[in-house]
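J.: Could you look at this predicted model? Sequence included:
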Amino acid sequence: MRRLLVLMCTVGLLFAMSIPAGAITNGEPDTANEYPFVAGAVGPIDEEQQFLCTAWAISDTYLITAAHCFQDLEDPPGVPRPVAVLFGPDLFAPDHVAFGIWIPDPDFCVQCGNGLPGFDTHDVAVIVLDSPVPTAIVPHYAQLPDEGLVDTLANRTDMTQVGYGVQEIVRGGGQPLPTIDGFRYVGSAELLASNHVHSGEYVKFTQNPGQGKGGTCFGDSGGPNLLAGTSIAISVNSYVTNGNCGGVGYSNRIDTYALAFIESITGITP
């Protein structure tokens, strides 16, 4: 399984280098399993490639992730895909493996987004599992935000980001090398409240490890951005703006149209 997942992660990283967001830089491993509702999702891009993202459970049957994770760019949006979901702090030694389908928001569209880099729009998806995950594996779940919650948050609100994938990009001769060990990492970040061109859909976060903050990087799109000290997720990681995973990162808000989409599939409301 370790060898298989390394291959999946590598392919995912190569696919992600152009735009999609990733795992937690400048974070700490979740060795105490404080975020059991955060899992790794593995699914097909096409017949030969697999992609690894992060997802987060809102019940024993439903998880939220990013719509771009398993979308073959040559297929029309809205096509359900089979996925495997791996629960536990270490993807290479998961505590539980579940299977289901990934359903993107029907209005998801690649390269249809506003702003820079104009990555996509409606970048939210639901994973529906074939069978419930035991409570011994996931004893509590992430919570959906109230509608419009992001608009009430102050600038520099403390956030917690959780995900799998790249922790750092090693440099020193040759092409930069993203490193990944398969562990679930937790990092702190700050919300940057601003009225940017797509602030109605995306929220912006700091990406400055040099200032003691964490950030997202390649290999972990779909991970949750939680209000610090809570299990309330306000957005899903979507994209970063440069290959260094620095500056700022953008995440698709959950507190807007996404709530209606999620309820339509799961019946769950905030």
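T.: Here it is on my side, so go on.
J.: Can you show me the strands along the stretch 1-150 of the chain?
T.: Per DSSP state E, counting those that start in this stretch, the stretch 1-150 of the chain has strands spanning 22-25, 28-29, 38-44, 50-57, 62-65, 81-87, 96-104, 109-110, 120-121, 125-129. These are given in chain order.
J.: Of the ones you listed, which stretch is the most buried?
T.: strand 22-25 (a mean of 31; mean count of other C-beta atoms under 10 Å). Bear in mind the C-beta positions are built from the backbone N, C-alpha and C, glycine included.
J.: model confidence over that one, on average?
T.: Looking at strand 22-25 alone, the average pLDDT works out to 46.
J.: how many other residues sit next to Val79?
T.: Applying other C-beta atoms under 10 Å, we find 12 other residues in the vicinity of Val79.
J.: before we move on, the earlier item: which one, of the strands of the stretch 1-150 of the chain, ends up nearest to Asp146?
T.: Across the strands of the stretch 1-150 of the chain, Asp146 has its closest neighbour in strand 62-65 (15.7 Å, C-beta to C-beta).
J.: got a list of contacts for the closest one?
T.: By C-beta atoms under 8 Å, 6 or more residues apart in numbering, the list of residues contacting strand 62-65 from outside reads 39, 41, 53-58, 85, 102, 124-129, 142, 221-222, 224, 233, 236, 254, 262, 265-266, 268.
J.: and if we set it to 6 Å?
T.: With C-beta atoms under 6 Å, 6 or more residues apart in numbering as the contact definition, strand 62-65 has outside contacts at 41, 53, 55-57, 125, 127, 222, 266.
J.: quick one: the helices in the chain?
T.: Secondary structure of the chain (DSSP state H): helices at 2-16, 257-266.
J.: before we move on, back to that, now, the most widely separated pair of the contacts of strand 62-65?
T.: Of all pairs drawn from these, the one with the largest separation by C-beta to C-beta is Cys53 and Thr266; the distance is 18.4 Å.
J.: Pretty sure Pro94 is one of the things Gly182 touches, is it not?
T.: No. Between Gly182 and Pro94 no contact is recorded; they are 9.6 Å apart, counting by C-beta atoms under 6 Å.
J.: Between those two, which contacts overlap?
T.: With contacts defined as C-beta under 6 Å, 6+ apart, no residue is shared by Gly182 and Pro94.
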